[in-house]
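Asker: Predicted coordinates and the sequence they were generated for:
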Amino acid sequence: MESISQLPQLQNAEYLVYVTNNENEQLIFAIVNFQTGKTVLRILGPSGDFENCMNEFSTRFDENCKALILNIFEYKSDDCNVKLYNAFKEKVDSLKIPYYFISSNDFVYTRLLIFANITVNYDETITVIFVTKAEYIIAELKFTNSGYEQIRQEVIQLNTKDDPKLHREKIMGQNNTKNLIFGPSLNMRNQKFLTRKVLKSTNVSIIFVNNDAMEDITKFTIEVSKWLIDNSNIKYHIIPTFSRSISMLFNHFVAEKGDLLPIKNSKIFTRVKTYYYVRLFFYYLTLLNH
């Protein structure tokens, strides 16, 4: 894997950029050729140095960069703050590069949808299941004219001695699911219990996604970039939501975990409080946008 200092100026080819980080707090850049659909370069940044790493890399951008996707929600370094995000935002805005900060959940669900390659009608639901050691995580994604809306996520305890009917009701519920996707399993015994006993009598199509498929970052970058460039490309788009509950301005503005983004709210203040509230509101609004 190349270092940023070894990266030549990106020229003469349209490209896409995907940015993530590893467990050592190093940023990883994947460069995908927009025409060929192949990853042509992977770059590893220095550990825990978000500012210098992003600054150096952003100087390589030009008008041939067609989309930028950042999956750095789990980045923990202290220097990863609003000021730095704004500086980086100004750089890509000046070049008119469309960019997207994707959450960890949406990153996972998007890759599952891409691999499954399912075509559904509006208001149909796809159910996703991840089997862990002693439980399973279930999510329901409803297809809308803006993309997939996550309408449910739940963690359910599992024992192979349980009544299959109990879990069949929890999985199927009242939705109109025709397609069910199993992500990579951490407990094959429990997964077989779900597929062979719990879902045996249901009329759903089951798709299994392995770890190798989940590692295909190139196709993920291409498909998400299609939506960034043209928002009508919603086949694999997950509508972003708040990842945590937030209360601002003494509960005048409240967003619950799972609320769809962007969020709109309004409040009328008295003249005495207006200046203070407006300044505080725009400070928090900046934080929310990043």
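Answerer: Received, thanks.
Asker: In the stretch 101-250 of the chain, where is pLDDT below threshold?
Answerer: 213-214, 242-250 (pLDDT under 70).
Asker: where exactly do the helices run in it?
Answerer: 104-116, 164-172, 188-193, 211-214, 217-229 (DSSP state H, counting those that start in this stretch).
Asker: Same list, those helices, but as JSON lines with mean neighbour count please.
Answerer: C-betas here are computed from N, CA, C, even on glycine. Shown next, in JSON lines, are the helices of the stretch 101-250 of the chain (neighbours: other CB atoms under 10 Å):
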{"stretch": "helix 104-116", "mean neighbour count": "20"}
{"stretch": "helix 164-172", "mean neighbour count": "16"}
{"stretch": "helix 188-193", "mean neighbour count": "15"}
{"stretch": "helix 211-214", "mean neighbour count": "13"}
{"stretch": "helix 217-229", "mean neighbour count": "20"}
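Asker: Quick check: chain neighbours aside, which residue is closest to Lys170?
Answerer: In space, and not counting its chain neighbours, Lys170 is closest to Ile156: 5.7 Å by CB to CB, 6 or more residues apart in numbering.
Asker: again, but for Thr39
Answerer: Thr218 (4.6 Å).
Asker: Ok, which of the helices of the stretch 101-250 of the chain comes nearest Ser201?
Answerer: With respect to Ser201, and counting by CB to CB, the nearest of those is helix 164-172 at 7.7 Å.
Asker: Pull the residues that contact that closest one.
Answerer: 127, 129, 138, 154, 156, 158, 180, 193-194, 197-202, 204 (CB atoms under 8 Å, 6 or more residues apart in numbering).
Asker: Touching, Ile217 and Ala30? I think so.
Answerer: Yes. The criterion here is CB atoms under 8 Å, and Ile217 meets it with Ala30 at 5.7 Å.
Asker: now the strands: where do they sit in the stretch 1-150 of the chain?
Answerer: 15-21, 26-33, 39-47, 65-71, 99-101, 125-131, 135-144, 147-157 (DSSP state E, counting those that start in this stretch).
Asker: ok, back up a step: let me know which of the helices of the stretch 101-250 of the chain is the nearest to Ala13.
Answerer: Short answer: helix 217-229, nearest of the helices of the stretch 101-250 of the chain by CB to CB, at 14.6 Å.
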